[in-house]
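Undergrad: need a structure here:
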Amino acid sequence: MTAGSATAGAGPLHLAALDLDKTLIFSARSLLLPIPVAPAEGSSAEGSSAAVSSAEDSLASAAAAAGAAGAAVVVREVERYNGAPQSYATARELELLAELDRVAVVVPVTTRTLAQYRRVDLGIRPRYAIAANGGHLLVDGEPDPAWAATVAADLTDCAPPATMLALAERFAAGWARTVRAADDLFVYVVAHDRLDIPDLAALTAQVEAGGWSVSQQGRKVYLVPTALTKQRAVDEVRRRTGTRVQLAAGDSVLDIPMLLAADAAVRPAHGELHELAWTAPHVTITADAGGRAGEQLLSALLAQVRADGRWDGGAVVPA
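TA: Next up, the predicted model:
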């Protein structure tokens, strides 16, 4: 068997395509739980304490609510940036993720750039991962050159990123904090405040004329080529692994193709899709928001794997 391929009937039955931000990992604000107060291993106590103190201030009401409910939740840091904690997940969520990784092909799928993805430590080492909204297919942590060539060919019919970057810069003048091209694949704009973002109708019309789409997620506005999708890369991983059942979880409009292509999917009760009240017959919605939603969606996916069974010598047996 060659690397990156699988024989039908060998290996896991399921592939679980999992979005990262606000699905598996959370900022201090979106976690909606008290965050750890001890400095992470290898960090300075002074720098970590300052970062934690700031994050705790933004979470005061959520922490009080969790304490009032008597919730005892252990939270782990999963990302550090410039020496400060950046993202979190609950300890229980990480345990469930490790369990899912043992019985399915877990594929982290994110719109983050390659560098941003590499900052995240989920406690597992997935064989495959997808970054830049499908622009990068990582195999054992490294971008796959064959996939990069496929993506480059797919994007030849779209307007170039430089054109969309210039369009975004004009659109963002006066209200945006950041306008960037991500890995020369798509463009995003970060507002100082979500309420500062003007109506997107005119921008959307211009972007769509160039074969791109627009998505707003909180303070960010994404301009992405329509040919660049998470599901396109997930399809390639399914081809290589021979998995037959796709599971998925995500919270944003950019996750919709992946959620619709899945045999069973879960979305959290927060985020862009929740605000749009988006759903589908095979999509389950978590009962809670924030870090607890991360636990619940993984529990739901594990239950699906157990119900379906797994491959063993070409036959399906209980997982």
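Undergrad: can you report how many residues lie near residue 83?
TA: 12 (other C-beta atoms under 10 Å). For glycine as for every other residue, the C-beta is placed from the backbone atoms N, C-alpha and C.
Undergrad: pLDDT at it, what is it?
TA: Listed pLDDT for residue 83 reads 95.
Undergrad: I'd like to know how far it sits from residue 119.
TA: Note on residue 83: its distance to residue 119, by C-beta to C-beta, to the nearest Å, is 12 Å.
Undergrad: overlap of the contact sets of those two?
TA: Residues touching both residue 83 and residue 119 (C-beta atoms under 8 Å, 6 or more residues apart in numbering): none.
Undergrad: so who does the nearest residue to residue 143 once chain neighbours are set aside touch?
TA: If the residues on either side of it in the chain are set aside, residue 143 comes closest to residue 136, at 5.0 Å by C-beta to C-beta, 6 or more residues apart in numbering. Residue 136 sits next to 114, 117, 130, 143-144, 147-148, 183 when contact means C-beta under 8 Å, 6+ apart.
Undergrad: of those residues, closest to residue 260?
TA: residue 130 (16.6 Å; C-beta to C-beta).
Undergrad: can you name the next helix or strand after the helix or strand harbouring that closest one?
TA: Using DSSP states H and E, residue 130 maps to strand 128-131. Scanning forward in sequence from strand 128-131 by DSSP H and E, the next helix or strand is strand 136-139.
Undergrad: give me the mean pLDDT for that next one.
TA: Per-residue pLDDT over strand 136-139 has a mean of 98.
Undergrad: neighbouring strands - and their directions - for the next helix or strand after it?
TA: The helix or strand immediately downstream of strand 136-139 is strand 142-143, counting by DSSP H and E. Paired neighbours of strand 142-143 in the sheet (DSSP bridges): strand 136-139 (antiparallel).
Undergrad: alpha carbons only: can I get the strand it pairs with in CSV?
TA: Written as CSV, here are the backbone C-alpha positions of strand 136-139 (Å, rounded to 0.1, in the frame of the first residue of the first chain):
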residue,chain,number,x,y,z
HIS,A,136,-3.5,23.3,2.1
LEU,A,137,-3.8,19.6,2.6
LEU,A,138,-1.3,18.5,5.3
VAL,A,139,0.0,15.0,5.5
